[in-house]
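Asks: next one to model:
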Amino acid sequence: MTDRVLDIDTLCRFEGGLNPLEPSKSAMPARIIGYGEISTIFEIGEPSLQGLAFKRLPVFQSTAEMDAYEDLFREYHRVLEEIGITVPWHATVRFTPETGNSVIYCVQEKMAEGSICHQLLHTLDDASILRLFVAVLQEMKKVWDFNASHEGIEVACDAQLSNWALLSPAPARSLDGDTLSLAYIDTSTPFIRLEGREQLNTDLFLRSAPSFLVWLIKLFFLEDVVSRYYDHHLVVSDIIANLYKEGRPDLVEPFIEEANRFFAEQVPHLNVRPITIKKVKSYYREDAFIWRLYLVLRKLDRFLHLRVLRKPYPYILPGNIRR
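Replies: This is a model prediction of the structure:
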């Protein structure tokens with residue numbers, strides 16, 4: 001995949017015929033393969049674009065914004081690879097329409113079916129799932145060690161299981177072998193801080209909310225949501241809390257025990273406070289509220305565009321997310 005040449009002409013034709021409300025009914029049909037809290041991941045059924053996953057970000061209002069995002073996107077991948085985090089083949093493609101926001105597509109090698117780690121929660125035995133969790137913690141240790149040894153720069157990852165893929169073929173029930181190889185796949189939100197200052201323009205991700213409510217989201221939610229990914233305790237709490245969303249609450253306590261053991265034995269110098277089930281439940285309730293509210297506001301914005309302002313709505317919204 002490293003020598004792949006992206007068929008930009010076909011992607012351009014896709015963008016020209018895209019139906020953001022129903023991507024499957026676009027001129028070139030797209031199939032949804034995953035939902036994040038902000039982005040929708042899809043594949044395009046054209047032969048020259050097969051084997052790729054796409055995120056579409058129609059949020060840019062100037063060339064300068066696009067330049068800054070793409071520069072940070074490339075730097076994020078460079079730093080992750082320096083740290084030792086495996087990332088799939090990737091590219092960005094930009095489109096500038098005559099009216100409305102400009103668009104950047106984040107393109108990535110599509111991982112094998114069934115290899116995304118949150119999917120493995122429902123196929124592997126519990127012992128293998130715990131091994132998978134520890135493998136994710138080992139990947140995050142690389143990030144934490146890098147941050148601790150580099151002055152003035154911090155890198156963060158949204159480490160929940162849905163953002164990691166198993167590189168070896170996914171087994172039916174049990175994981176074999178001494179080590180597990182993982183790839184980090186959620187690179188379209190490049191978290192880098194220089195001298196304590198976030199380099200990502202997080203305002204970009206508020207443009208799909210009603211403009212008259214953006215100040216409210218920034219005031220009460222945005223800083224907390226971004227900062228959690230730099231907090232060792234919270235980023236692991238987030239992984240564990242998502243077990244409720246994934247329908248595996250039975251794994252919460254084993255994950256907590258494994259995480260606290262990892263903190264004590266593998267990264268004692270970080271002085272991470274122990275995770276408790278009470279805190280995980282509280283975290284999950286707050287997190288679910290934030291993202292549920294954000295999706296409601298985005299749907300309100302879509303309604304206002306289509307029914308009140310009679311304007312096209314450019315964003316692909318996630319479907320209903322089970323919580």
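Asks: number of nearby residues for the closest residue in space to residue 85 that isn't next to it in sequence?
Replies: Leaving aside its sequence neighbours, residue 85 sits nearest to residue 184 (C-beta to C-beta, 6 or more residues apart in numbering; 5.1 Å). From N, CA and C alone the C-beta is placed, and that goes for glycine too. Using other C-beta atoms under 10 Å, residue 184 is surrounded by 22 other residues.
Asks: and residue 140, by the same measure?
Replies: 21.
Asks: that one contacts residue 159, doesn't it?
Replies: Yes - assessed by C-beta atoms under 8 Å, residue 140 is found in contact with residue 159 at 5.4 Å.
Asks: pLDDT at residue 319, what is it?
Replies: For residue 319, the pLDDT comes out at 69.
Asks: er, residue 2 I mean
Replies: Model confidence at residue 2 (pLDDT) stands at 56.
Asks: go on, the one 3 residues further on?
Replies: Residue-level confidence at residue 5 comes out at 87, pLDDT.
Asks: and it, which of the three is it?
Replies: Following DSSP: H, G, I helix; E, B strand; the rest coil, residue 5 is assigned to coil.
Asks: ramachandran angles for the residue nearest to residue 85?
Replies: phi -90, psi 130 (degrees, to the nearest 10).
Asks: what's the average pLDDT for the helix ranked longest in the chain?
Replies: Looking across the chain with DSSP state H, the single longest helix is helix 277-303. Looking at helix 277-303 alone, the average pLDDT works out to 89.
Asks: check stretch 138-153 too.
Replies: So the average pLDDT for stretch 138-153 ends up being 97.
Asks: per the record, what domains does this structure have?
Replies: 8-109, 117-308 (automatic domain parsing).
Asks: how about TSV for those domains, with distance to residue 316 added?
Replies: Shown next, in TSV, are these (distance: least, C-beta to C-beta, whole Å):
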stretch	distance to residue 316
domain 8-109	4
domain 117-308	10
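Asks: ok so, going back, list residues touching both of residue 140 and residue 159?
Replies: 235, 236 (C-beta atoms under 8 Å, 6 or more residues apart in numbering).
Asks: next, the buried residues of stretch 31-47.
Replies: Using 16 or more other C-beta atoms under 10 Å as the test for burial, stretch 31-47 gives 34, 35, 36, 37, 38, 39, 40, 41, 42, 43, 44, 46.
Asks: show me the shaky parts of this protein.
Replies: Along the chain, segments meeting pLDDT under 70 span 1-3, 170-172, 178, 220, 319-323.
Asks: for the residue nearest to the spatial centre of it, phi and psi?
Replies: Central residue of the chain (C-alpha atoms, centre = their mean): residue 186, 3.9 Å from the mean position. For residue 186, the backbone dihedrals (degrees, to the nearest 10) come out as phi -100, psi 70.
Asks: so who does the closest residue to it other than its chain neighbours touch?
Replies: Nearest in space to residue 186, with sequence neighbours left out and distances taken as C-beta to C-beta, 6+ apart, is residue 163 at 3.7 Å. Neighbouring residues of residue 163 by C-beta under 8 Å, 6+ apart: 157, 184, 185, 186.
Asks: show residues contacting stretch 120-134.
Replies: Contacts of stretch 120-134 (C-beta under 8 Å, 6+ apart): 114, 117, 161, 166, 170-175, 180, 239, 243, 246-248, 251, 254-255, 258-259, 262.
Asks: end-to-end on it?
Replies: End-to-end distance of stretch 120-134 (C-alpha to C-alpha, to the nearest Å): 14 Å.
Asks: need the helices for this structure, in chain order.
Replies: Under DSSP H, the chain gives helices at 8-16, 63-83, 117-120, 126-149, 214-217, 223-227, 232-245, 252-266, 277-303.
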